[in-house]
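Colleague: my questions concern the predicted model and sequence given below.
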Amino acid sequence: MQAKKLRKFPSVYKRCKRSPFLPKLTGYASALSCLACVVGLTIWMGLVGKVSENGMQLFIPFSIAYGWMACILGWVSLRQVGALLHKRKFFLFCCHFGLFIILVCASLGSVARQSLTMVIGVGEQKREGVDSSGHLRELPFAIELKRLEAGELPSDRIVSEVNVYPCEDGMPNKRVEVNQPADVMGWKIYQIGFDKNKGDATGVSIFELLFDPWLPFVYIGMGVMALGGLVLLFFSFTGWRENIRWKSVCIAAVGGLLVAVFACSDIVIPKLSGDALPPVLRSPWFIPHVFFYVLAYILLGASALTGLYLLCSKKCENDVGTMRLCDKLVYMGVAWMTLGMLTGAVWAKEAWGHYWTWDPKETWAAVAWFSYLGYIHLRRGYVSKKRLALSVLLISFILLQMCWWGVNYLPSAQGASLHVYR
C-alpha cells in the first residue's frame with residue numbers, strides 16, 4: 001500500500017506543476033505579498049506591545065500570514081529538490097526547506113508542548129507543577145530539592161541540586177543551573193530563579209519544566225537553515241572573483257571590519273571570565289551570537305550606504321557593478337544575521353526554555369530579517385525594479401535600527417524584554 005502511494009507521488013507533483021493556479025500562488029509576486037503582510041503584522045504587534053506566544057498564534061491574521069508563508073516554502077522546496085546538485089541553488093533549497101521545517105514543527109510543537117512552573121523549597125519533594133492557567137498538573141516523576149546555591153547579586157550563580165524519582169538513567173542526582181537544564185524522561189528542567197519573598201532568600205527554587213516532542217525537528221530545521229547560510233556566504237565571497245576591483249574592496253572591508261571588531265571587543269563582547277556577567281550570559285553561545293550580529297550590522301550598514309549612493313546619484317539603472325556589490329553585501333549580511341538568529345534561538349532555549357517568545361527584541365529582529373528577504377526576492381524576481389528594491393533596502397536598514405537600539409525607546413517594550421540585564 002505504501003509503495004503504491006509513493007509511486008503516485010510523482011504524477012501528483014507533475015499535475016500540480018502544470019496547474020496554472022499553484023505557480024502563481026507560490027511565485028515571486030505571492031512571496032513578496034506574503035512578506036509584506038508578515039512585516040506589517042509583526043510591526044503592528046511590535047508597536048502594540050509584548051504579546052505572549054500563545055496570543056500571537058491565536059491572532060487570526062498572524063496565523064493566516066505565517067500559514068501562507070509555510071505553504072509557499074513547502075511548494076518552493078518541493079520544486080527545488082530536483083536542483084539540489086546545482087551548486088548555486090543548493091543554498092536556496094536549504095534556506096526555504098529549513099524555514100519550512102521550523103514553521104511547521106514549531107506550530108505543531110506549540111500544541112503538543114507542556115510548560116509547568118514549580119516552586120520548591122529545600123528538603124521538599126513535589127510531583128506536580130502549575131500550568132499557564134493556574135491548574136496543577138502531575139508529572140511522571142518527583143523532584144526533591146537537596147540544595148540551592150544562590151547569591152544576592154545579579155551576577156551570582158543560581159544552582160540547584162535535586163533528586164529525581166523514578167530515574168530512567170539510574171542517576172537520580174541532577175544539577176540544574178541557568179544555561180544548563182537537566183533532562184528527565186523527555187522533560188527539561190530549567191532554573192529560572194529563586195523566591196526572595198518567602199523568608200530565606202536561598203531556600204526556595206523556581207523551576208520551569210518543559211516537554212516539547214517537536215523540538216528535535218525544529219533543531220533539524222535550524223541546522224538546514226544554518227547550512228544554507230554558510231553556503232550563501234561561501235558563494236558571496238567567491239563571487240567577487242568575477243571582478244578584481246570589487247574583490248579588493250571586499251578584502252579591504254573585511255580586514256577593516258575585523259580590526260574594528262577586535263579593537264572594540266572589550267565593549268561589544270565583555271570577557272566571559274569576568275564575574276560581572278549575569279548567569280544567563282555565561283554561555284558558549286554568547287560570543288558567536290553577538291559576533292554574527294556585529295558582522296551582519298556592519299555589512300548591512302555598508303549595503304545601505306551603497307544603496308543610498310545609487311539612489312542619490314541616479315546611477316542604479318546603469319552602474320551594474322555597484323548594484324552587484326550592494327546585492328553581495330545584503331546576501332552576506334542576511335546570512336550572518338540568520339546565523340545570529342539561529343545561535344540566539346538555541347541559546348534562548350538552553351537559558352529560558354523557549355527558542356522564540358516574541359520578546360520585543362526578537363519581534364523587531366524578525367521584522368528586519370523578513371524585510372531584507374523582501375529586498376532579496378524583489379531583486380531576484382523583478383530585476384528591472386532597482387529603485388523600488390533600493391527603497392526597500394533603506395527601509396530595511398531603518399527597521400534594523402529598531403531591532404538594535406530603537407526598541408529601547410518604545411513605550412510598548414518597557415520592562416517587557418528578556419534582553420535587558422541588570
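Modeller: Happy to help now that I have it.
Colleague: so for the strand or helix carrying His96, mean pLDDT?
Modeller: For His96, the host element (DSSP states H and E) is helix 87-112. Averaging pLDDT along helix 87-112 yields 88.
Colleague: okay, buried residues for the helix or strand just after that helix please.
Modeller: Sequence order places strand 114-121 as the next helix or strand after helix 87-112, per DSSP H and E. Neighbour counts using 16 or more other Cβ atoms under 10 Å place 115-116, 118-120 of strand 114-121 among the buried residues. C-beta here means a position set from N, CA and C on the backbone, and glycine is covered the same way.
Colleague: what's the angle between the helix or strand just after strand 114-121 and strand 114-121?
Modeller: For strand 114-121, the succeeding helix or strand toward the C-terminus, using DSSP H and E, is strand 125-130. Angle between the axes of strand 125-130 and strand 114-121 is 140 degrees (criterion: axes from the mean of the first three to the mean of the last three Cα atoms, to 10 degrees).
Colleague: so which elements touch the helix or strand following strand 125-130?
Modeller: Per DSSP H and E, strand 125-130 leads on to strand 136-150 as the next helix or strand towards the C-terminus. On a contact count with 3 or more Cβ pairs under 8 Å, 6 or more residues apart in numbering; DSSP states H and E, strand 136-150 meets strand 114-121, strand 125-130, strand 158-165, strand 187-194, strand 204-211.
Colleague: the last one: how far from the chain's middle?
Modeller: With Cα atoms, centre = their mean, to the nearest Å as the basis, the distance from the averaged C-alpha position of strand 204-211 to the chain average is 24 Å.
Colleague: what pLDDT is listed against Leu399?
Modeller: Leu399 is assigned a predicted lDDT (pLDDT) of 93.
Colleague: that should have said Gly256, apologies.
Modeller: With respect to pLDDT, Gly256 scores 55.
Colleague: and for Gln125, the neighbour number?
Modeller: 12 (other Cβ atoms under 10 Å).
Colleague: so who does the closest residue to it other than its chain neighbours touch?
Modeller: Excluding the flanking residues, the one nearest Gln125 by Cβ to Cβ, 6 or more residues apart in numbering is Glu144, at 4.2 Å. By Cβ atoms under 8 Å, 6 or more residues apart in numbering, Glu144 lies in contact with 123-125, 162-165.
Colleague: may I see the buried residues of the longest helix along the chain?
Modeller: Counting by DSSP state H, the longest helix found in the chain is helix 320-352. For helix 320-352, the neighbour count (16+ other Cβ under 10 Å) marks 322-323, 325-352 as buried.
Colleague: could you give the mean pLDDT of that helix?
Modeller: The model assigns helix 320-352 a mean pLDDT of 90.
Colleague: got it, and stretch 294-311?
Modeller: 90.
Colleague: quick one: buried residues of that stretch?
Modeller: Neighbour-count burial for stretch 294-311 flags 294-300, 302-304, 306-307, 310-311 (criterion: 16+ other Cβ under 10 Å).
Colleague: His354: neighbour count?
Modeller: By the measure other Cβ under 10 Å, the count of residues near His354 is 20.
Colleague: look up how far Pro140 lies from it.
Modeller: Using Cβ to Cβ, to the nearest Å, His354 is found at 21 Å from Pro140.
Colleague: and what of Thr343?
Modeller: 32 Å.
Colleague: over to Glu128?
Modeller: Using Cβ to Cβ, we find Glu128 at a distance of 11 Å from Pro140.
Colleague: ok, the buried residues of strand 114-121 vs Asn318, which is closest?
Modeller: When the buried residues of strand 114-121 are ranked by distance to Asn318 (Cβ to Cβ), Ser115 comes first, at 56.5 Å.
Colleague: so who does the closest residue to that closest one other than its chain neighbours touch?
Modeller: Leaving aside its sequence neighbours, Ser115 sits nearest to Leu210 (Cβ to Cβ, 6+ apart; 5.4 Å). The neighbourhood of Leu210, defined by Cβ under 8 Å, 6+ apart, consists of 113-116, 187-188, 190, 353-354.
Colleague: may I see the residues you listed organised as JSON lines, with distance to Trp75 added?
Modeller: As requested, the contacts of Leu210 are exported to JSON lines (distance: Cβ to Cβ, whole Å):
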{"residue": "Arg113", "distance to Trp75": "27"}
{"residue": "Gln114", "distance to Trp75": "32"}
{"residue": "Ser115", "distance to Trp75": "33"}
{"residue": "Leu116", "distance to Trp75": "38"}
{"residue": "Trp187", "distance to Trp75": "36"}
{"residue": "Lys188", "distance to Trp75": "34"}
{"residue": "Tyr190", "distance to Trp75": "37"}
{"residue": "Gly353", "distance to Trp75": "33"}
{"residue": "His354", "distance to Trp75": "29"}
